[in-house]
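[1] With the input below, show me the fold.
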Amino acid sequence: MSRKRQDPLTRAERVRRRRGNTRPQRRRAKTVAAHAPAAGGAPVVVSRYGVLSGASVPVSGRVRRQVRVPRGRNTEVVAAMPAVALGWRWLSLGLSLFLIALIAALWYAPVFRVDAPQVRGLQYLDPGQVAARLGVVGRPIFALDPALLAQQVEALPAVARAEVHIGLPNRVVVVVHERRPVLVWHTGRKTWWVDARGLAFAPPVAETPVQALQVQAAALPAAAADIRPGEMQLLSPAQVEALETLSRYLPQGTALVFSPRYGIGWQAPEGWQVFVGQKLTHMQQRMVLYEAIARWLKAQHIHPALVDVASFRAPYYRMEP
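    Here you go, the predicted model:
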């Protein structure tokens, strides 16, 4: 009883004081609970020295790598480094930069630059003409288009067809198929080579093919038409075939002539001129007809200046040119 008398506080005052001391603790407990992990996680104990050992504190944002120093029963964080997470965008950027560097290295590397193309299949053309037409020396092999290069070579009048093959590291092979001259057409100072299709083109060399028929012409045929510079359609394929048939009836080395009036002809061994016309059809029948006329002229001791078999119904001979 004496103890109660010495306490100046009433019972109500003591209750209010106890309630006032517990409110800060409740507030701290709420704060810790708010930062506590989800169900099943360890509780967080906060001390004035830092986070107690073994406590887990969730980190917002990026995960950081932390360096902790033990201090008695507690630990203190003294350093933290951000943990960098490389996503697919960073991987894509790195791969793109690598490919760009690789392409640049391949483009400018000397080992992939063409030194000199290999040209095959030539008989008349010079390999330097084909190489100059290509223009691939010093260029990277990856920048070449075989189809486009083949078209550039085929632009040469003496080339019928070309094939271009490309291989690593810097190999370029050109296979050229040249036009085979069947006729050599001389008109004044101009000379044309004519292939089996009747296409006339500028001679690639000065030499005259010995196996080709020689035609000395006063002019070009009326039906001749230019195709492009250095190339024209001089005769039809049928006319070229007819001239090849005609050459089998003539002595070896006989030169043909072309007259705008009489057509194709030649100088016979007997001394007179023979003409077969400009149509150049049914050449075998014309030659049979001419041989019959030639035998009759010899039998009659007639030496004309000209024999014309352009017409089957009305062949004739003239005593004067």
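[2] shaky segments in this structure?
    Along the chain, the parts satisfying pLDDT under 70 run over 1-9, 15, 19-69, 71-86.
[3] how does it divide up, domain by domain?
    The chain resolves into domains spanning 111-178, 183-318 when parsed by automatic domain parsing.
[4] Out of those domains, the one nearest Gly87 is which?
    Closest to Gly87 of the domains of the chain is domain 111-178 (Cβ to Cβ; 32.7 Å). No exception for glycine: its C-beta is placed from N, CA and C like everyone else's.
[5] Endpoints of the closest one, how far apart?
    By Cα to Cα, to the nearest Å, the extent of domain 111-178 from end to end equals 32 Å.
[6] Throw the domains of the chain into a markdown table and include mean neighbour count, thanks.
    Output for these, formatted as a markdown table (neighbours: other Cβ atoms under 10 Å):
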| stretch | mean neighbour count |
| --- | --- |
| domain 111-178 | 16 |
| domain 183-318 | 15 |
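[7] among the ones you listed, which is nearest Leu102?
    Between Leu102 and the domains of the chain, the shortest gap by Cβ to Cβ is with domain 111-178, which sits at 11.6 Å.
[8] in the stretch 151-300 of the chain, which spans are strands?
    Here the stretch 151-300 of the chain has its strands, by DSSP state E, counting those that start in this stretch, at 159-167, 171-178, 183-187, 190-194, 199-201, 213-217, 225-228, 231-233, 256-259, 263-267, 273-277.
[9] can you tell me how far Glu163 sits from Tyr317?
    To Tyr317, Glu163 is 53 Å away according to Cβ to Cβ, to the nearest Å.
[10] hang on, I meant Thr10
    Thr10 is 167 Å from Tyr317, by Cβ to Cβ.
[11] For Leu177, which residues are in contact?
    Heads up, residue 177 is His, not Leu. For His177, the contacting residues are Gly121, Val159, Ala160, Arg161, Ala162, by Cβ atoms under 8 Å, 6 or more residues apart in numbering.
[12] ugh, wrong one, I meant Leu220
    Thr187, Leu234.
[13] change it to 6 Å
    Residues counted as contacts of Leu220 (Cβ atoms under 6 Å, 6 or more residues apart in numbering): none.
[14] Next: Leu199.
    Listed by Cβ under 6 Å, 6+ apart, the contact set of Leu199 is empty.
[15] and with 8 Å instead?
    Arg179, Ile227, Glu231, Met232, Gln233, Leu234.
[16] Write down the beta-bridge partners of it, one by one.
    Listed beta-bridge partners, Leu199: Gln233 (assigned using DSSP bridges).
[17] Could you measure from it over to Arg286?
    Where Arg286 is concerned, Leu199 sits at a distance of 25 Å (Cβ to Cβ).
[18] so what's the closest residue to Gly198 other than its chain neighbours up against?
    Spatial nearest neighbour of Gly198, chain neighbours left out: Leu235 (3.8 Å); criterion: Cβ to Cβ, 6 or more residues apart in numbering. Residues counted as contacts of Leu235 (Cβ under 8 Å, 6+ apart) are Leu183, Val194, Gly198, Ala200, Pro221, Leu243.
[19] Do I have it right that the fourth one meets Arg228?
    Read it as Ala200. No. The pair Ala200 and Arg228 does not pass the contact test of Cβ atoms under 8 Å, sitting 11.7 Å apart.
[20] what residues are up against Thr191?
    Val184, Trp185, Pro203.
[21] out of those residues, which one sits closest to Ala147?
    Of all these, Ala147 sits closest to Pro203, with 28.0 Å by Cβ to Cβ.
[22] what does stretch 153-168 contact?
    For stretch 153-168, contacts defined as Cβ under 8 Å, 6+ apart pick out 112, 124-125, 129-130, 133-134, 141, 144, 146-147, 149-150, 172-179, 193, 195, 201-204, 228, 230-231.
[23] Return it as CSV; C-alpha atoms alone will do.
    Backbone C-alpha positions of stretch 153-168 (Å, rounded to 0.1, in the frame of the first residue of the first chain) are rendered in CSV as follows:
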residue,chain,number,x,y,z
VAL,A,153,31.5,-9.9,-124.4
GLU,A,154,28.7,-10.8,-126.8
ALA,A,155,28.6,-7.1,-127.8
LEU,A,156,31.8,-7.7,-129.8
PRO,A,157,30.7,-8.2,-133.5
ALA,A,158,32.9,-11.3,-133.9
VAL,A,159,31.4,-13.1,-130.9
ALA,A,160,28.3,-15.3,-131.3
ARG,A,161,28.0,-16.4,-127.7
ALA,A,162,30.0,-16.1,-124.5
GLU,A,163,29.9,-17.9,-121.1
VAL,A,164,31.5,-16.4,-117.9
HIS,A,165,32.3,-18.5,-114.9
ILE,A,166,33.3,-17.0,-111.5
GLY,A,167,35.1,-18.7,-108.7
LEU,A,168,36.8,-17.9,-105.4
